[in-house]
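In: my questions are about this predicted structure, shown below with the sequence.
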Amino acid sequence: MSLKRIIDVLAYKLIRGLFLIVGLIPEKLAEYMANGIGGIWYRVDRRHRDAALENMTIAFEGRMSPEEIRELSRKAFNHIALVPFEMGRSLRWSWQDVWDRFRLYGVHHLDAAHKKGKGVLVLTCHMGNWEFLPTSMAASGYQIAAVYRPLDFKPMDRLILEMRERFGCRMYPTKNAVKGIFEELGKGNCVGLLSDQNAPKRHQGVFVEMFGKKASAHNGIAQLALMTGAPVVPYFVARDGKLVRGEFGPEIPLVNTGDLEADIFTNTQNYSYAFEKMIQKFPEQWFWVHRRWKTRPLDEQEG
């Protein structure tokens with residue numbers, strides 16, 4: 001075994017041990033600690049604080065006062081700070097713990113889409129504790145898979161991947177994931193795809209409206225839906241009191257006129273509207289620290 005391999009294994013064991021220790025902290029105390037960490041993070045991290053405030057102003061200006069937006073942004077930091085505590089706790093979960101903690105809504109929408117026999121593309125976002133997406137989707141009873149971007153730090157990537165696959169979700173790294181997606185859909189399975197963040201590469205994105213402002217959105221789900229005919233069902237998880245709420249929405253109708261470019265735009269726009277609806281239900285729980293509107297159209301840059 002190489003020295004690098006030994007270091008990676010030791011780092012993995014150390015990180016996993018730390019998460020297990022964090023997971024032993026009682027839930028009330030963990031929430032109190034997360035609020036403290038979130039408050040400190042909000043004060044000292046100007047870059048992410050400014051990003052959150054800018055994003056929320058785009059989304060809620062005219063519907064919320066500046067004071068309400070600032071309060072919402074502080075809550076968003078607290079929610080993100082709670083994620084590691086929940087991840088540590090979940091390392092000890094059994095299936096019974098999953099049944100006790102998760103409540104799924106709108107499963108009939110997934111049932112209806114699945115009956116079409118083409119598999120299901122599950123459109124989801126960084127809401128609540130998004131690390132619970134694979135677990136909660138598995139709780140639906142369907143065979144599921146998901147696409148993820150591997151972390152550069154391999155020991156942490158190994159741990160995260162184990163957490164996501166623990167209850168039966170098959171994970172495919174973004175690079176060369178298309179083959180796996182087609183195989184899963186061909187078997188009639190569900191494939192989860194996170195697609196709510198900025199698309200920096202122009203050939204991978206299309207500009208759509210999100211909260212009234214143009215945003216560069218990944219076009220891959222629209223292309224997959226058009227190629228396979230697989231129905232697209234929106235889904236998110238959110239903290240709902242002491243429980244985790246998983247909610248499926250109605251299938252998003254596929255627009256297929258034969259004009260590929262126009263159809264990709266229209267379908268991606270409809271997915272963006274679905275994200276807006278998700279976010280509006282639990283606005284403090286979306287990942288606002290990401291610069292969602294960072295990439296701009298060329299005509300804005302030239303102006």
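Out: That came through, no problem. All figures in this text were calculated on a predicted structure; none of them were measured in a lab.
In: can I assume Arg245 sits in a helix?
Out: No: secondary structure of Arg245 (DSSP: H, G, I helix; E, B strand; the rest coil): strand, not part of a helix.
In: count the residues that sit near the closest residue in space to Leu82 that isn't next to it in sequence.
Out: Across the structure, with CB to CB, 6 or more residues apart in numbering as the measure, the residue nearest Leu82 apart from its sequence neighbours is Ala34 (3.9 Å). Bear in mind the C-beta positions are built from the backbone N, C-alpha and C, glycine included. When counting by other CB atoms under 10 Å, one arrives at 21 neighbours for Ala34.
In: pLDDT score for Ala34?
Out: The predicted structure scores Ala34 at 98 on the pLDDT scale.
In: residues touching it, list them.
Out: Contacts for Ala34 were tallied using CB atoms under 8 Å, 6 or more residues apart in numbering; they are 78, 81-82, 85.
In: what are the phi and psi angles of it?
Out: Reported as degrees, to the nearest 10, the phi and psi values for Ala34 are phi -60, psi -40.
In: coming back round to it: show me which pair in the contacts of Ala34 is furthest apart.
Out: Asn78 and Phe85 (11.4 Å; CB to CB).
In: show me what contacts Arg164?
Out: Residues touching Arg164, when contacts are defined by CB under 8 Å, 6+ apart, comprise 131, 134-135, 146, 148, 171.
In: who does the helix or strand hosting Ile6 touch, helix- and strand-wise?
Out: Ile6 belongs to helix 3-22 when assigned by DSSP states H and E. If contacts are counted by 3 or more CB pairs under 8 Å, 6 or more residues apart in numbering; DSSP states H and E, helix 3-22 sits against helix 66-90, helix 154-165.
In: so in this protein, which strand runs the longest?
Out: The residue-count maximum for a strand in the chain (DSSP state E) belongs to strand 232-240.
In: between it and helix 66-90, how big is the angle?
Out: Between the direction of strand 232-240 and that of helix 66-90, the angle (axes from the mean of the first three to the mean of the last three CA atoms, to 10 degrees) works out to 90 degrees.
In: other SSEs contacting strand 232-240?
Out: Helices and strands in packing contact with strand 232-240 are listed as helix 107-114, strand 120-124, helix 133-138, strand 243-248, helix 260-281; criterion 3+ CB pairs under 8 Å, 6+ apart.
In: can you say which of the ones you listed is nearest to Lys179?
Out: Lys179 lies closest, by CB to CB, to one member of the helices and strands packed on strand 232-240: strand 120-124, at 15.5 Å.
In: could the C-alpha coordinates of the closest one be exported in PDB?
Out: The C-alpha coordinates for strand 120-124 follow below in PDB (Å, rounded to 0.1, in the frame of the first residue of the first chain):
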ATOM      1  CA  VAL A 120     -38.400   8.500 -13.900                       C
ATOM      2  CA  LEU A 121     -36.100  11.500 -13.800                       C
ATOM      3  CA  VAL A 122     -36.400  13.000 -10.300                       C
ATOM      4  CA  LEU A 123     -35.700  16.700 -10.400                       C
ATOM      5  CA  THR A 124     -34.400  17.900  -7.100                       C
END
